[in-house]
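*Asks:* Here is the input, now give the coordinates:
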Amino acid sequence: MRPVNLIPNEERLGTQRPLRSGPTAYIVVGALVAALLGVTALVTTGGRIDDLKGEITQVEGEIAASEAAAQELSAYTQFRTVREQRAATITSLANSRFDWQRVMRELALVLPDDILLTDLTASVSPAVVPPTGQAVALRTSIAGPALSLSGCAGDQEGVAGFLQAVKDIDGVTRVAVPTSSQGDAETAETDSAGPLSCAESGLKAVFQMVVAFDAAPASVPTGEAAPEVAPSSPEAEAPVEE
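*Replies:* Predicted coordinates:
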């Protein structure tokens with residue numbers, strides 16, 4: 001006789017118990033889990049995006065505040081720039097000036113009693129040509145300030161002594177004597193000009209002298225350039241005293 005299991009299917013135990021709902025339940029559960037994970041990721045991403053937007057808004061606010069502060073301080077920046085430009089201009093003008101008053105005072109102190117100056121010209125560069133005064137050779141070979149002197153002495157020793165005395169003036173770098181001659185009274189009278197001639201003073205040694213201040217900055221008038229200096233001849237360079 002064939003055995004028959006009289007226990008209902010839903011109450012059977014073991015491997016012989018059939019599935020109540022089949023694989024559909026697992027599929028539904030997996031779909032729900034996947035949906036939950038997607039919603040969680042979406043919420044997390046959305047929150048991160050909101051945080052980044054907040055940070056961007058904060059940074060933009062800080063940038064706007066910094067730009068406003070910089071705009072308020074721009075006036076001070078412009079004032080500082082103008083002040084620096086003016087200070088540079090004043091410094092340039094001060095450096096380009098030459099203290100002729102001091103030079104004249106020191107020249108008066110070292111001028112010997114036996115020297116008569118008939119002409120004195122002071123210029124800051126060879127480009128500056130005084131309306132009056134005698135042209136002295138070798139002045140064009142000095143780019144900076146220089147004194148051009150013409151005068152007379154009792155003899156050549158007096159000229160040499162005056163040359164050494166002029167070197168004691170502060171700032172003098174070299175002294176040149178283009179011409180120095182000694183003749184009779186008529187020659188001295190011809191070679192000299194001024195309120196008191198060399199002949200009337202009894203001084204017969206007539207000379208010209210150039211006193212250079214090479215260390216001082218050369219000042220050239222605006223729109224003009226210092227002339228090019230041609231090489232001096234050996235005869236002209238011979239009497240130069242360094």
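*Asks:* Name the SS class of the residue most central in space within the chain, please.
*Replies:* Geometric centre of the chain, nearest residue: Ala88, 8.4 Å, by CA atoms, centre = their mean. Look at Ala88: counting by DSSP: H, G, I helix; E, B strand; the rest coil, its state is helix.
*Asks:* what residue ranges in this structure score low on pLDDT?
*Replies:* Filtered on pLDDT under 70, the chain yields the residue ranges 1, 5-6, 9-22, 92-96, 129-134, 183-197, 217-242.
*Asks:* in it, which spans are helices?
*Replies:* In the chain, the helices defined using DSSP state H lie at 24-96, 100-110, 156-166, 185-191, 198-201, 234-237.
*Asks:* looking at these, which is buried most?
*Replies:* Using mean count of other CB atoms under 10 Å, the stretch among the helices of the chain with the largest mean neighbour count is helix 198-201, at a mean of 20. In this view, the C-beta of every residue, glycine as well, is placed from N, C-alpha and C.
*Asks:* okay, now the domains of this structure?
*Replies:* 1-96, 100-241 (automatic domain parsing).
*Asks:* before we move on, the earlier item: can I get the helices of the chain in JSON lines with distance to Leu117?
*Replies:* As requested, the helices of the chain are exported to JSON lines (distance: least, CB to CB, whole Å):
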{"stretch": "helix 24-96", "distance to Leu117": "27"}
{"stretch": "helix 100-110", "distance to Leu117": "9"}
{"stretch": "helix 156-166", "distance to Leu117": "9"}
{"stretch": "helix 185-191", "distance to Leu117": "14"}
{"stretch": "helix 198-201", "distance to Leu117": "10"}
{"stretch": "helix 234-237", "distance to Leu117": "22"}
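*Asks:* How far away from the center of its chain is stretch 147-157?
*Replies:* 43 Å (CA atoms, centre = their mean, to the nearest Å).
*Asks:* Other residues contacting it?
*Replies:* Contact with stretch 147-157 is made by 103, 107, 114-123, 133-136, 139, 159, 162, 180, 182, 188, 192, 198, 201-211, as judged by CB atoms under 8 Å, 6 or more residues apart in numbering.
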